[in-house]
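Undergrad: Generate a structure from the sequence data that follows.
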Amino acid sequence: MATFRIALIALFSVVVFATPSLTQTPGHVRVKLVKAGLMVGAGGGSGVLTYHGRDYPFRVSGLSIGVTAGASVSRLEGRASGIRQLSDFAGTYSAVGAGGALVGGAGGVELGNEKGVRIVLRGPKAGMEFAANLSSIQISLK
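TA: Numbering: from 1, shown residues only. Purely as a prediction, here's the structure:
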């Protein structure tokens with residue numbers, strides 16, 4: 001009887017821990033941002049979240065405070081994790097990022113929202129800008 005219980009517990013553990021969770025399925029994010037500022041920056045853009053094989057367009061807008069000078073256009077790509085349902089993706093994100101461009105350069109940002117979604121983006125930047133700041137970014141699904 002004890003052997004049967006151990007086998008049943010082992011089988012249950014394999015089924016529970018081997019079943020993929022929706023929170024483990026990251027989304028792929030592509031976004032184009034236009035930004036300008038001097039000390040306080042403002043920007044906006046649009047992007048696409050690819051999640052469970054479907055594309056979901058979205059809008060981005062936000063403000064940044066810190067060291068910001070210039071203007072740039074960024075095309076960033078990365079991953080969104082922690083999405084349990086599609087509506088978790090929309091919301092207000094806090095970000096700490098840095099990047100620079102003198103005609104061409106690189107940028108990156110890590111974002112997190114109140115629903116536990118984390119987005120990590122990297123990519124090329126064109127324009128003339130230096131930024132190291134704290135940002136508040138609003139993402140809304142179209």
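
Undergrad: Count residues in the vicinity of residue 44, would you?
TA: Neighbours of residue 44 under the rule other CB atoms under 10 Å: 14. Every residue, glycine included, has its C-beta placed from N, CA and C.

Undergrad: list the helices and strands the strand or helix carrying it packs on?
TA: Taking DSSP states H and E as the criterion, residue 44 maps to strand 27-51. Packed against strand 27-51, as judged by 3 or more CB pairs under 8 Å, 6 or more residues apart in numbering; DSSP states H and E, are the following elements: strand 54-81, strand 118-141.

Undergrad: Flag the shaky bits of the protein, pLDDT-wise.
TA: Residue ranges of the chain with pLDDT under 70: 1-25, 37-40, 65-69, 96-105, 128-134.

Undergrad: quick check: angle from the strand holding residue 44 to strand 118-141?
TA: 30 degrees (axes from the mean of the first three to the mean of the last three CA atoms, to 10 degrees).
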